[in-house]
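*Asks:* Fold the following for me, if possible:
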Amino acid sequence: MQRVSRATVTVVAEDGRAEVVGRIGPGLCALVGVAQGDDGAAAAKLAGKLWHLRVFRDEAGAMNRSVAECGGELLVVSQFTLYGNTERGRRPSFVAAARPEQAEPLVDAVVAELERLGAVVATGRFRTHMEVELVNDGPVTLLLEV
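*Replies:* Okay, here's the model as predicted:
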């Protein structure tokens with residue numbers, strides 16, 4: 001998760017055509033990886049954590065406000081490569097990552113829960129080649145595990 005000034009996700013087709021599918025202003029860019037064994041409860045917990053995590057500055061300059069309090073937006077992008085294991089060899093192993101059939105509904109569940117909480121959410125597009133551009137604010141980057 002990164003606090004951003006702005007972020008965009010573009011899908012690039014095999015023929016080179018590009019389509020912006022998600023764009024936000026100030027808020028959070030969340031690269032979401034789903035592991036084998038994750039479930040709907042984990043998706044809801046992650047959404048709640050993203051929505052309420054205090055990583056924005058208050059009047060005193062301390063990181064004490066959440067995206068919910070600031071009125072920021074969220075960009076949620078599926079990212080199975082977060083579970084790449086590089087302990088051995090030179091090629092990452094992705095065996096810990098959930099299969100697409102399990103991962104896609106859980107990423108959708110994170111987005112749905114964020115929207116239920118009141119968030120403005122933009123997304124990438126599952127199973128496509130995506131280019132993510134962002135301006136990291138701070139920079140503030142955190143690894144969230146639930």
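
*Asks:* where along this structure do the strands fall?
*Replies:* 2-12, 18-24, 27-32, 54-57, 63-66, 73-78, 120-123, 130-141 (DSSP state E).

*Asks:* residues making contact with the fifth one?
*Replies:* Applying C-beta atoms under 8 Å, 6 or more residues apart in numbering, the external contacts of strand 63-66 come out as W51, H52, L53, R54, V55, F56, R57, D58, V140. The way it works is simple: take the backbone N, C-alpha and C, and place the C-beta from them, glycine included.

*Asks:* Return the closest of these with respect to A35.
*Replies:* Nearest to A35 out of these is L53 (C-beta to C-beta; 20.0 Å).

*Asks:* ok, for that closest one, nearest residue in space, not its chain neighbours?
*Replies:* S66 (5.9 Å; C-beta to C-beta, 6 or more residues apart in numbering).

*Asks:* partner residues bridging the one you found?
*Replies:* Judged by DSSP bridges, the bridge partners of S66 are R54.

*Asks:* centroid residue for this protein?
*Replies:* The C-alpha lying nearest the average C-alpha coordinate of the chain belongs to A30 (C-alpha atoms, centre = their mean; 2.0 Å).

*Asks:* picking that back up, may I see the contacts of strand 63-66 arranged in TSV, with neighbour count, distance to V111 and pLDDT as well?
*Replies:* As requested, the contacts of strand 63-66 are arranged in TSV below (neighbours: other C-beta atoms under 10 Å; distance: C-beta to C-beta, whole Å; pLDDT from 0 to 100):
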residue	neighbour count	distance to V111	pLDDT
W51	21	12	98
H52	12	16	98
L53	18	17	98
R54	14	22	98
V55	21	19	97
F56	23	21	97
R57	16	26	96
D58	12	27	96
V140	15	22	95
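
*Asks:* Look through the protein and tell me its longest helix.
*Replies:* helix 100-117 (DSSP state H).
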